[in-house]
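Undergrad: With the input below, show me the fold.
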Amino acid sequence: MKVINKDNFDSDEFDLFVRLLPEKLMFLIDTRPNRDHKVVHRSTSDEMLITFIKAYRPSQWKPDSKVFIEGEKWGSINKVLFDDIDALAYAIQKRGLKQVKF
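TA: As a prediction, the model looks like this:
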């Protein structure tokens, strides 16, 4: 998990995330093409945080993959494999965060 601000992130994109996530414990999932997929959320301390979504494929012969996020602050969903991004988003919501569609 990484704190994002105008110094270490594209300022236009940072401003967009600030507008879309005006309250603590709001999150969005950024799956735009040609970019790393990520969870962006506003923490309880009002920081903007980014967590990259990683893919796991059990073998090169199986086309199916799962997704996960890493970070101790994610608690029970840290490194847990999910079937897809929607399942990951649901698990984040169960942790008390409110999803904003992006």
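Undergrad: and Val39, what are its bridge partners?
TA: Beta-bridge partners for Val39, by DSSP bridges, are Ile29, Thr51.
Undergrad: give me the number of residues near it?
TA: Other residues lying near Val39 total 23 when counted by other Cβ atoms under 10 Å. To be clear about C-beta, it is placed using only N, CA and C from the backbone, and glycine gets the same treatment.
Undergrad: Go ahead and confirm it touches Lys54.
TA: No: judged on Cβ atoms under 8 Å, Val39 makes no contact with Lys54 at a distance of 11.0 Å.
Undergrad: what's the overlap in contacts for the two?
TA: Common contacts of Val39 and Lys54, defined by Cβ atoms under 8 Å, 6 or more residues apart in numbering, comprise Ile69.
Undergrad: In three-state terms, how would Ser59 be classified?
TA: Three-state assignment for Ser59 (DSSP: H, G, I helix; E, B strand; the rest coil): coil.
Undergrad: mind showing which ranges of this structure have poor pLDDT?
TA: 1-8 (pLDDT under 70).
Undergrad: can you pull out the strands in this protein?
TA: Applying DSSP state E to the chain gives strands spanning 2-3, 26-30, 38-42, 48-52, 54-56, 66-68, 98-99.
Undergrad: Going by contacts, tell me the helices and strands next to the fourth one.
TA: So the one you mean is strand 48-52. Contacts defined by 3 or more Cβ pairs under 8 Å, 6 or more residues apart in numbering; DSSP states H and E place strand 48-52 against strand 2-3, helix 11-20, strand 38-42.
Undergrad: Would you mind finding the most buried of those?
TA: Across these, the average number of neighbours (mean count of other Cβ atoms under 10 Å) peaks for strand 38-42, which reaches a mean of 23.
Undergrad: Sounds good, over and out.
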